[in-house]
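J.: The following comprises the amino acid sequence and a computationally predicted model.
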Amino acid sequence: MASKERVVLTDPRAIRALAHPARQVIIDELYSGRVLTATECAELAGLTPSATSYHLRALERWGIVERAEASGDGRERPWRALGSGLQIASQSTTAGRLASQAMMRSNVDQVLERFEELPADDDWYSLSVMNRSRLWLTREETAELDRELSAVIDRFRQDRTAAAHPEATRSVYTLIAVVPAAESPTP
């Protein structure tokens, strides 16, 4: 992987670039540590290799993915994630807010789909959890919560990827959202 740092997107246009379902599939695979060619991404996303190349170049333009070193005969260069994770930073502009909201909605829908696809007789089914809480926090505490939750995810990531992980591990999807309520703080 090119970098161990999270890729943080703040530009509404970059956030909007993530909204396409095929791009979500590609990003999910590349950010799990896989290095894939456009043809391999196309098979996963259900697109043609040329359409997939278009999407990969758009993601590259926004600093989300990059070309990896060519291997084999060098005819087709693979792609990889630019970091260990992808973070969408909320925006205060109207366009930024709309792009962030669309991305959040898409991610929530994906996690729900993963849950629905998991067979009830799968022995990992009981490990599916959702923890929803309402907390009363200061700005500083909210930032601290975000940092600590991200640190927990990073600790469990342990440099494991789709290509390199111990036996008996399984891909587990997480979604962490920290969203301040719309009401004003009380004095």
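T.: Happy to help now that I have it. Numbers count the residues shown, from 1 in each chain.
J.: Going by C-alpha atoms from here, please, whenever you check contacts or count neighbours.
T.: OK.
J.: Now the most centrally placed residue in the chain: closest residue in space that isn't a chain neighbour?
T.: With distances taken as Cα atoms, centre = their mean, Leu86 lies nearest the centre of the chain, 5.1 Å away. Once flanking residues are discounted, Leu86 sits nearest to Val7: 4.8 Å by Cα to Cα, 6 or more residues apart in numbering.
J.: Report the contact partners of Thr93.
T.: Under the criterion of Cα atoms under 8 Å, 6 or more residues apart in numbering, the contact list for Thr93 is empty.
J.: same thing with Thr174?
T.: Val111 are the contacts of Thr174 under Cα under 8 Å, 6+ apart.
J.: Packing partners of the helix or strand where Arg105 lies?
T.: Using DSSP states H and E, Arg105 maps to helix 94-117. Where contact means 3 or more Cα pairs under 8 Å, 6 or more residues apart in numbering; DSSP states H and E, helix 94-117 is packed against helix 12-17.
J.: what packs against the helix it packs on?
T.: Contacts defined by 3+ Cα pairs under 8 Å, 6+ apart place helix 12-17 against helix 94-117.
J.: Mind listing what's buried along the following helix or strand past the helix it packs on?
T.: Using DSSP H and E, the next helix or strand after helix 94-117 towards the C-terminus is helix 139-157. Within helix 139-157, the residues scored as buried using 16 or more other Cα atoms under 10 Å are Thr142.
J.: Alpha carbons only: can I get helix 139-157 in PDB?
T.: The C-alpha coordinates for helix 139-157 follow below in PDB (Å, rounded to 0.1, in the frame of the first residue of the first chain):
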ATOM      1  CA  ARG A 139     -16.600  19.900  20.900                       C
ATOM      2  CA  GLU A 140     -13.300  18.700  22.300                       C
ATOM      3  CA  GLU A 141     -14.900  15.500  23.600                       C
ATOM      4  CA  THR A 142     -16.500  14.800  20.200                       C
ATOM      5  CA  ALA A 143     -13.200  15.200  18.500                       C
ATOM      6  CA  GLU A 144     -11.600  12.900  21.100                       C
ATOM      7  CA  LEU A 145     -14.300  10.300  20.500                       C
ATOM      8  CA  ASP A 146     -13.600  10.400  16.800                       C
ATOM      9  CA  ARG A 147      -9.800  10.000  17.400                       C
ATOM     10  CA  GLU A 148     -10.300   7.100  19.800                       C
ATOM     11  CA  LEU A 149     -12.800   5.200  17.700                       C
ATOM     12  CA  SER A 150     -10.400   5.600  14.700                       C
ATOM     13  CA  ALA A 151      -7.500   4.400  16.800                       C
ATOM     14  CA  VAL A 152      -9.500   1.200  17.800                       C
ATOM     15  CA  ILE A 153     -10.200   0.400  14.100                       C
ATOM     16  CA  ASP A 154      -6.500   1.000  13.300                       C
ATOM     17  CA  ARG A 155      -5.400  -1.300  16.100                       C
ATOM     18  CA  PHE A 156      -7.600  -4.100  14.800                       C
ATOM     19  CA  ARG A 157      -6.500  -3.500  11.200                       C
END
